[in-house]
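Enquirer: attaching a predicted model along with its sequence, questions to come.
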Amino acid sequence: MHLTGDQPEIRSPEAPITSYEPLNEPLPARADGEVRTRSARSSVALILGATVVSGLSGYVVTWRVFTASGAAGYAVFSVFWSALFLVVGVLFGVQQEATRAVAQSDPIAEPGDRGGRRSSVWLFAAVLAVLVAVAVLLTALLWAVPALGREQAGLSIFVAVGAGLNCLVAAGSGVMAGSGMWRQLAGVVALDGILRVAFVLLALALTTQSWALALAVILPFPLALGAVILTAPRALLRRALVPERMRTLASNTLRTMIAASATAILINGFPLILSFFANPSGHRELGSLVLGVTLTRAPILVPLMALSSFLVSQFARMPQGASRFALRLSALIAAVVAVLCLCAWAFGVPVVVAVFGGQFDLDAGTLTALVASSGMIGVLCVTGAAVLARNLHGGYAIGWVAASVVTIALLFLPLPLQPRAALALAAGPAVGIAVHLWWLRARSTRSAGVLTEAAPR
């Protein structure tokens with residue numbers, strides 16, 4: 001919390017730490033309203049623009065790998081990608097804790113001036129990177145062969161190394177966000193995507209080996225971060241010194257990572273989850289299904305995930321009109337999804353086959369159902385933002401956890417893989433939405449009760 005004037009900053013040692021603090025909240029405490037508004041809009045534009053570049057880069061990677069490797073080859077690549085970015089999604093908790101710690105700390109003049117007992121977020125991230133890499137390698141004994149196949153199980157090494165490197169990216173992004181260094185943060189996001197496209201295209205031009213593709217995917221992590229650090233090394237070192245001890249940072253980060261894992265499983269890690277339910281010899285079917293999921297999610301989820309912090313701040317500023325705002329957003333998503341469903345049903349399959357090749361093997365009904373399920377996840381993002389704005393962090397986490405659990409549970413149904421996946425992706429988020437709406441209604445009821453009791457008689 002920042003106070004104006006010369007008053008000392010007051011912090012509560014018992015303040016709850018979650019993975020859901022808005023990234024674009026820290027703004028200069030002494031700025032007037034107009035400057036703060038311009039700063040907020042500028043930060044949103046920077047992060048959204050960088051996210052668009054990153055999202056388009058992901059599309060290019062998906063298209064090139066599928067067309068070069070075919071559905072079966074893409075299935076293996078997509079499982080590797082999903083495993084890596086499942087861990088990256090969990091490590092988003094590191095970024096959020098680093099953001100909170102830096103935003104709530106007082107900057108010091110020089111890196112050598114520790115301003116009392118301080119810990120370095122960079123050092124903490126380096127230690128965590130080693131631990132995460134080792135943990136991924138150990139757990140790979142359980143998941144690598146079932147998910148990737150015996151011949152490609154070695155790709156789990158690249159998952160471990162990439163996860164470790166991403167710890168540094170997450171911590172650095174948190175330092176930048178907590179310091180209000182939005183240009184640097186946007187630079188990391190955009191440069192990471194651009195480098196990944198360049199390296200993947202180069203790898204495919206030189207070889208067909210899967211390890212080369214895996215290396216091309218993880219190299220942008222350190223290179224993008226390193227290039228951006230060079231633009232402001234002293235500031236990033238200085239702002240990374242926070243008053244919390246390493247033990248406190250570890251405890252807080254563990255809680256944020258656990259909370260972030262529910263979202264990561266449903267969004268980042270779903271192709272990996274699907275691989276456990278697919279026929280071992282059905283790589284072509286799995287590749288087509290994962291491609292369909294990827295293509296139908298991006299138009300809805302990429303902008304919503306990019307603006308999640310902005311949505312939270314907007315809901316927080318309109319406590320009385322939050323429900324109406326959520327309904328309007330949900331109605332807008334429903335309208336967009338309805339149009340996309342009609343397009344998917346009418347000519348979605350021919351367009352995908354024309355762009356990605358004849359190995360794409362999904363019918364129009366499944367593709368349309370996947371589009372509809374992406375809308376459900378989009379509405380879940382909106383209700384989640386509304387819940388967070390009311391400080392209902394427990395309700396937010398329970399909603400996402402319930403959605404993930406129901407989605408995975410429905411994958412055990414004795415149905416063909418494609419309709420089973422579409423049903424799971426729609427029903428799971430629907431349960432999460434119901435949970436969020438229940439928490440919002442319960443909070444509104446309690447608030448109304450408090451106001452009634454406080455009213456003069």
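Expert: That came through, no problem. Just so we're clear, the structure is a prediction, and the values are computed from it rather than from any experiment.
Enquirer: tell me which residues in stretch 386-405 are buried?
Expert: By 16 or more other Cβ atoms under 10 Å, the buried positions in stretch 386-405 come out as 386-390, 392-393, 395-405. In this view, the C-beta of every residue, glycine as well, is placed from N, C-alpha and C.
Enquirer: what of stretch 63-72?
Expert: Those would be 64-66, 68-72, for stretch 63-72 by 16+ other Cβ under 10 Å.
Enquirer: would you map the strands across the stretch 151-300 of the chain?
Expert: 241-242 (DSSP state E, counting those that start in this stretch).
Enquirer: so where's it uncertain?
Expert: 259, 280-283 (pLDDT under 70).
Enquirer: secondary structure element for residue 59?
Expert: Using DSSP states H and E, the element containing residue 59 is helix 33-90.
Enquirer: swap in residue 128?
Expert: Using DSSP H and E, residue 128 falls in helix 121-148.
Enquirer: just the angle for that helix relative to helix 33-90, thanks.
Expert: If you take axes from the mean of the first three to the mean of the last three Cα atoms, to 10 degrees, helix 121-148 sits at 50 degrees to helix 33-90.
Enquirer: now do helix 121-148, average pLDDT.
Expert: Mean per-residue pLDDT for helix 121-148: 93.
Enquirer: which other helices and strands contact it?
Expert: Packed against helix 121-148, as judged by 3 or more Cβ pairs under 8 Å, 6 or more residues apart in numbering; DSSP states H and E, are the following elements: helix 33-90, helix 92-103, helix 155-179, helix 246-266, helix 270-277.
Enquirer: tell me who's in contact with the closest residue to residue 134 other than its chain neighbours.
Expert: Computed as Cβ to Cβ, 6 or more residues apart in numbering, the closest residue to residue 134 that is not its neighbour in sequence is residue 160, at 7.6 Å. When contacts are counted by Cβ atoms under 8 Å, 6 or more residues apart in numbering, residue 160 touches 132-134, 136-137, 140.
Enquirer: just the buried residues of these.
Expert: The buried subset of those (16+ other Cβ under 10 Å) comprises 132-133, 136-137, 140.
Enquirer: would you reformat these as TSV and include distance to residue 216?
Expert: TSV is the format used below for those (distance: Cβ to Cβ, whole Å):
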residue	distance to residue 216
132	21
133	19
136	19
137	21
140	20
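Enquirer: now, which of the residues you listed sits nearest residue 443?
Expert: Set against residue 443, the nearest of these by Cβ to Cβ is residue 132 (35.7 Å).
Enquirer: and the closest one, how far is that from residue 161?
Expert: Going from residue 132 to residue 161 by Cβ to Cβ, to the nearest Å gives 10 Å.
Enquirer: same thing with residue 408?
Expert: Distance from residue 408 to residue 161, by Cβ to Cβ: 27 Å.
Enquirer: for those two, indicate the residue with more neighbours.
Expert: residue 161 (20 against 17; other Cβ atoms under 10 Å).
Enquirer: show the contacting residues for that one.
Expert: Contact analysis of residue 161 by Cβ under 8 Å, 6+ apart lists 133, 218.
Enquirer: angle of the helix holding residue 59 against helix 155-179?
Expert: Using the same axes, to 10 degrees: helix 33-90 against helix 155-179 is 160 degrees.
Enquirer: how about residue 372, what does it touch?
Expert: 337, 341, 426.
Enquirer: do the same with residue 158
Expert: Contacts of residue 158 (Cβ under 8 Å, 6+ apart): 80, 84, 211, 214-215, 217-218.
Enquirer: which of those sit farthest apart?
Expert: 84 and 211, at 13.6 Å, using Cβ to Cβ across those.
Enquirer: these two - which one has more neighbours?
Expert: residue 84 (27 against 14).
Enquirer: chain neighbours aside, what residue packs nearest to the residue nearest to the spatial centre of the chain?
Expert: Nearest to the geometric centre of the chain sits residue 89, at 5.1 Å (Cα atoms, centre = their mean). Once flanking residues are discounted, residue 89 sits nearest to residue 264: 2.8 Å by Cβ to Cβ, 6+ apart.
Enquirer: repeat that for residue 384.
Expert: Once flanking residues are discounted, residue 384 sits nearest to residue 396: 5.4 Å by Cβ to Cβ, 6+ apart.
Enquirer: try residue 102
Expert: In this structure, residue 102 finds its nearest non-sequential neighbour in residue 178, 2.9 Å apart by Cβ to Cβ, 6+ apart.
Enquirer: pretty sure the one you found contacts residue 100?
Expert: Yes. Assessed by Cβ atoms under 8 Å, residue 178 is found in contact with residue 100 at 7.0 Å.
Enquirer: neighbour count for those two, which is higher?
Expert: residue 178 (28 against 24).
Enquirer: show me what contacts the more buried one?
Expert: Counting by Cβ under 8 Å, 6+ apart, residue 178 touches 26, 98-105, 239.
Enquirer: now it: how far from residue 104?
Expert: Distance from residue 178 to residue 104, by Cβ to Cβ: 8 Å.
Enquirer: return the residues in contact with the residue nearest to residue 162 when sequence neighbours are not counted.
Expert: Leaving aside its sequence neighbours, residue 162 sits nearest to residue 218 (Cβ to Cβ, 6+ apart; 3.5 Å). With Cβ under 8 Å, 6+ apart as the criterion, the residues that contact residue 218 are 84, 158, 161-162, 165.
Enquirer: one more: residue 293?
Expert: By Cβ under 8 Å, 6+ apart, the neighbours of residue 293 are 270-271, 274, 370, 421, 425.
Enquirer: where in the stretch 301-450 of the chain is pLDDT low?
Expert: For the stretch 301-450 of the chain (pLDDT under 70), the answer is 306-310, 312-313, 317, 319, 444-450.
Enquirer: where along it do the helices fall?
Expert: 308-317, 322-343, 349-356, 364-389, 393-410, 417-454 (DSSP state H, counting those that start in this stretch).
Enquirer: any idea how far the fifth one is from the chain center?
Expert: This means helix 393-410. Using Cα atoms, centre = their mean, to the nearest Å, the mean C-alpha position of helix 393-410 is found 16 Å from that of the whole chain.
Enquirer: show me what that helix is in contact with.
Expert: For helix 393-410, the surrounding residues in contact (Cβ under 8 Å, 6+ apart) are 16, 18, 20, 259, 262-263, 265-266, 270, 273, 380, 383-384, 387-388, 420, 423-425, 427-429, 431-433, 435-436, 438-440.
Enquirer: now restrict the residues you listed to buried residues only.
Expert: Looks like those have 18, 20, 259, 262-263, 265-266, 270, 273, 380, 383-384, 387-388, 420, 423-425, 427-429, 431-433, 435-436, 439-440 buried, using 16+ other Cβ under 10 Å.
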